[in-house]
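A.B. asks: Generate a structure from the sequence data that follows.
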Amino acid sequence: MRRALITGINGQDGSYLAELLLAKGYEVYGVVRRSSIENSTKLINIKGILDRITIKSCSLENSLSVYKLFQEIKPDECYHLAASSFVSYSLEDDMSIMANNFTTTHNILLSAMDVCPNCHIYFAGSSEIFGNVTEYPQNENTPYNPRSVYGISKMSSHCLVKNYRERYGLFACTGFTYNHESPRRGRSFVTRKITSAVAAISLGRQQYVELGNIEARRDWGYAPEYVEAMYKMLQAQKADDYVIATGHLQTIRNLLEIAFGYVNLDYRDYVRINEKFVRPDESVPLVGDYGKIQKELDWKPELSFKDMIEEMVECDLRILRES
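C.D. replies: From the prediction side, this is the model:
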């Protein structure tokens, strides 16, 4: 039985990936922070599989802790998903973001190389690595130009992954994942903020939702499909980096029309624009070209944007009705 180690297993991607690997017969280990073990609400995404996985508390910023973890588990595959995932454009969180995203990746690569050099490693990159782009759609050869510390930390980690692959022969790869959503998405992200607000408004529990620029465009995919891409990357004959995206842009206005339309409401009656939620303008949008992963690993997105958003609204309605 193959062993898989997932950092951030209690997050959106980690929980879907754990379910996928369990279905394929893996022995699954998940890393969470001690605070998550002490607060069961942070384990809600994996509540249904807790009896089938092994949870480990580990400070990924601590090299010795990570080394001991690899010594104990000796995983065949490691999916490094844990990160400070909220994109900030302020200076206040810079140090913690760099520590969480770069140092943890370095500790994992070092430990794997020493303890289990045949381990296949997936690093969760981001479209934010491309950042302020001058061309679209972006592919694996698009120049890096991150415009946030989050993007810089992901770019630095990716360069580290590539260095360990090319210099030491470690099977390590990066997935440049574009925005991907699901009913398990955190409420701080605009997709879930909107779908949860729509559910609350339709049930009379909320009056409106505050947003920034509703003409902002994103390449939004479906998280359960994206973890399948991650899995395929570690089954490949050789390690390589891939863009994981849909290749289609949607505006927040489109999202609002679909979400409010699902409950037969007009979004214009319930949306208030608040300047504090407006991000810097993007003259060229972030939209990914998934041609390489489709050609080499036979992966492509399937679920439509409309179906994904409607699924999220329906899930939020169910949560509220049962609360």
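
A.B. asks: Let me see the domain layout of the chain.
C.D. replies: Following automatic domain parsing, the chain resolves into domains at 3-180+221-244, 186-218+249-285+304-322.

A.B. asks: Compare the ones you listed and give me the one nearest K295.
C.D. replies: Among these, domain 3-180+221-244 comes nearest to K295, with 10.2 Å by CB to CB. The C-beta positions use only the backbone N, C-alpha and C, and glycine is treated the same way.

A.B. asks: How far off centre is that closest one?
C.D. replies: Centroid displacement of domain 3-180+221-244 relative to its chain, using CA atoms, centre = their mean, to the nearest Å, is 9 Å.

A.B. asks: need the contact list for L5.
C.D. replies: The contact partners of L5, by CB atoms under 8 Å, 6 or more residues apart in numbering, come to Y29, G30, V31, L69, F70, I73, P75, E77, C78, Y79.

A.B. asks: how about the residues you listed in JSON lines, adding neighbour count, pLDDT and secondary structure?
C.D. replies: Formatted as JSON lines, the contacts of L5 follow (neighbours: other CB atoms under 10 Å; pLDDT from 0 to 100; DSSP: H, G, I helix; E, B strand; the rest coil):
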{"residue": "Y29", "neighbour count": "21", "pLDDT": "98", "secondary structure": "strand"}
{"residue": "G30", "neighbour count": "28", "pLDDT": "97", "secondary structure": "strand"}
{"residue": "V31", "neighbour count": "28", "pLDDT": "95", "secondary structure": "strand"}
{"residue": "L69", "neighbour count": "26", "pLDDT": "97", "secondary structure": "helix"}
{"residue": "F70", "neighbour count": "22", "pLDDT": "98", "secondary structure": "helix"}
{"residue": "I73", "neighbour count": "20", "pLDDT": "97", "secondary structure": "helix"}
{"residue": "P75", "neighbour count": "24", "pLDDT": "98", "secondary structure": "coil"}
{"residue": "E77", "neighbour count": "21", "pLDDT": "98", "secondary structure": "strand"}
{"residue": "C78", "neighbour count": "29", "pLDDT": "98", "secondary structure": "strand"}
{"residue": "Y79", "neighbour count": "30", "pLDDT": "98", "secondary structure": "strand"}
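
A.B. asks: could I get the residues you listed as a markdown table with distance to L211?
C.D. replies: What follows is the contacts of L5, written out as a markdown table (distance: CB to CB, whole Å):
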| residue | distance to L211 |
| --- | --- |
| Y29 | 39 |
| G30 | 34 |
| V31 | 34 |
| L69 | 41 |
| F70 | 43 |
| I73 | 43 |
| P75 | 41 |
| E77 | 39 |
| C78 | 37 |
| Y79 | 32 |
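
A.B. asks: Which stretches in the stretch 101-250 of the chain count as helices?
C.D. replies: Secondary structure of the stretch 101-250 of the chain by DSSP state H, counting those that start in this stretch: the helices cover 104-115, 149-168, 190-202, 223-235.
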